[in-house]
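Colleague: Model the following, please.
(one chain, ligands or ions: 1)
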Amino acid sequence: WILMVTAQTPTNIAVIKYWGKRDETLILPINDSISVTLDPEHLCTTTTVAVSPSFESDKMWLNGKEISLAGGRYQSCLREIRSRANDVEDEEKGISIKKQDWDKLHVHIASFNNFPTAAGLASSAAGFACLVYSLAKLMNVKEEQGKLSAIARQGSGSACRSLFGGFVKWIMGNEANGSDSMAVQLASETHWDDLVIIIAVVSSRQKETSSTSGMRESVDTSPLLHYRSKEVVPKRILQMEEAIKTRDFPSFAKLTCTDSNQFHAVCLDTSPPIFYMNDTSHRIISYMEKWNRSQGTPQVAYTFDAGPNAVLIAPNRKVATLLLQRLLFYFPPSADTDLSSFVIGDKSL
Ligand code: DP6
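Modeller: Numbers count the residues shown, from 1 in each chain. Here you go, the predicted structure:
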């Protein structure tokens with residue numbers, strides 16, 4: 001027999017960034033972060049997990065290619081979920097798995113991203129969130145979503161935020177064992193559904209410095225990062241929560257842009273410096289800043305993760321349509337910009 005579960009999890013984009021760990025194994029951050037989870041149909045991971053007595057070992061395929069599960073991150077997620085597994089009965093198929101059987105059974109995992117892996121589009125976030133969620137369903141784990149987020153966190157920090165829709169805060173927590181470092185939902189997907197998110201794919205090439213090693217180097221060498229995590233982010237988190245609660249787009253946009261810029265300043269402050277953005281990214285920032293200034297109030301927010309792709313957030317469909325037209329006009333797809341656009345949030349644009 002074989003028992004299978006399929007789940008789909010969207011990626012999330014941080015508007016107040018996570019950058020830096022205080023514990024590398026448990027993946028515990030040095031500051032809180034806030035993100036918005038995208039609509040599942042646009043940038044997501046679909047994962048099927050299967051269990052069968054005929055499987056001889058745990059195996060995983062990512063986008064059709066077998067990958068090793070030997071890494072500590074996969075092992076942590078598998079171990080944590082297995083230790084919480086319960087009895088599973090499927091009368092139709094005549095399957096009965098007892099709680100204690102899960103230690104002896106092996107799983108096969110097939111995962112697909114509908115967007116470029118490791119191009120700074122937070123693929124690990126959707127990937128580990130989906131892995132943990134689907135394994136939890138397969139093994140009848142009864143933990144609430146917050147507890148599952150703390151398991152996904154051990155796969156990739158940003159993954160803990162993808163277990164919720166809408167606006168999500170990852171609380172850094174204080175415990176050494178990480179038990180209080182988990183995600184909470186700040187507002188559901190319906191709270192501010194006028195927002196439209198557009199991702200301008202500047203380059204789908206794999207990034208040179210992974211987030212994991214980049215943030216390790218920043219923690220070791222950047223004085224700005226330590227100032228940021230202690231003095232800047234705690235205040236910004238409160239301001240961002242308020243902006244989200246009151247749907248205050250100008251404040252939301254200002255905080256999002258400044259936080260992205262400070263994150264990239266930290267990367268420059270790292271020794272040797274890390275460059276995630278390229279010339280096109282910088283041109284997009286200049287363009288958005290000029291547009292916002294000319295209107296007297298922010299029209300669009302921009303944010304960049306560990307890669308050159310721009311995530312642009314418009315307050316409504318009208319501005320988003322205008323933004324898309326302008327992007328296509330000023331940044332036409334060409335050999336050196338490789339700019340194409342995903343439209344997130346509203347397919348009719
Ligand atoms: C810039 O979650 O990919 O996207 O925890 O080492 O797997 P690990 O790092 P990861 O880092 C994400 C960094 C970021 C900001 C963010 O998503 O908050």
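Colleague: Could you use CA atoms for every contact and neighbour count after this?
Modeller: Fine.
Colleague: so how far is Leu323 from Trp1?
Modeller: 52 Å (CA to CA, to the nearest Å).
Colleague: These two - which one has more neighbours?
Modeller: Remark: of Trp1 and Leu323, Leu323 carries more neighbours, 20 against 9, as counted by other CA atoms under 10 Å.
Colleague: So which residues of the chain form helices?
Modeller: 72-82, 123-138, 145-152, 211-221, 223-227, 233-245, 249-269, 279-295, 317-330 (DSSP state H).
Colleague: For the ligand, find the nearest of those helices.
Modeller: helix 211-221 (3.6 Å; CA to the nearest ligand atom).
Colleague: average pLDDT across the closest one?
Modeller: Confidence over helix 211-221 (mean pLDDT, whole number) is 97.
Colleague: close to the ligand, is it?
Modeller: Yes. For a cut-off given as CA under 6 Å from any ligand atom, helix 211-221 has contacts with the ligand, namely Ser211, Thr212.
Colleague: Please identify the residues of the stretch 1-150 of the chain in proximity to the ligand?
Modeller: For the stretch 1-150 of the chain, the residues in contact with the ligand (CA under 6 Å from any ligand atom) are Ala14, Lys17, Tyr18, Trp19, Ile27, Ala122, Ser124.
Colleague: Tell me the one of those nearest Asp269?
Modeller: Using CA to CA, Trp19 comes nearest to Asp269 of these, at 13.0 Å.
Colleague: mind giving me a markdown table with the residues of the stretch 1-150 of the chain next to the ligand and columns for neighbour count and pLDDT?
Modeller: As requested, those are exported to a markdown table (neighbours: other CA atoms under 10 Å; pLDDT from 0 to 100):
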| residue | neighbour count | pLDDT |
| --- | --- | --- |
| Ala14 | 24 | 97 |
| Lys17 | 23 | 98 |
| Tyr18 | 23 | 98 |
| Trp19 | 26 | 98 |
| Ile27 | 23 | 98 |
| Ala122 | 26 | 57 |
| Ser124 | 20 | 86 |
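Colleague: Just those: which are in strands?
Modeller: Ala14 (DSSP state E).
Colleague: Just give me the neighbour total for Gln295.
Modeller: Residues lying near Gln295 (other CA under 10 Å) number 9.
Colleague: And it, how far from Tyr330?
Modeller: To Tyr330, Gln295 is 18 Å away according to CA to CA.
Colleague: Listing request: residues of the stretch 151-300 of the chain with sub-threshold pLDDT.
Modeller: Applying pLDDT under 70 to the stretch 151-300 of the chain flags the ranges 204, 206-207.
Colleague: Can you pull up the residues of it that come close to the ligand?
Modeller: Neighbours of the ligand within the stretch 151-300 of the chain, by CA under 6 Å from any ligand atom: Ser156, Gly157, Ser158, Ser211, Thr212.
Colleague: Narrow the residues you listed to those that are buried.
Modeller: Applying 16 or more other CA atoms under 10 Å to these, the neighbour count classes Ser156, Gly157, Ser158, Ser211 as buried.
Colleague: Make TSV out of the residues you listed and add distance to Gly64.
Modeller: Formatted as TSV, those follow (distance: CA to CA, whole Å):
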residue	distance to Gly64
Ser156	21
Gly157	24
Ser158	24
Ser211	24
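Colleague: now the farthest one out in this structure, which residue is it?
Modeller: Largest separation from the mean C-alpha position in the chain: Gly94, at 38.2 Å (CA atoms, centre = their mean).
Colleague: Identify the residues contacting Ser149.
Modeller: Listed by CA atoms under 8 Å, 6 or more residues apart in numbering, the contact partners of Ser149 are Ala129, Ala159, Cys160, Arg161, Leu163, Met182, Ala183.
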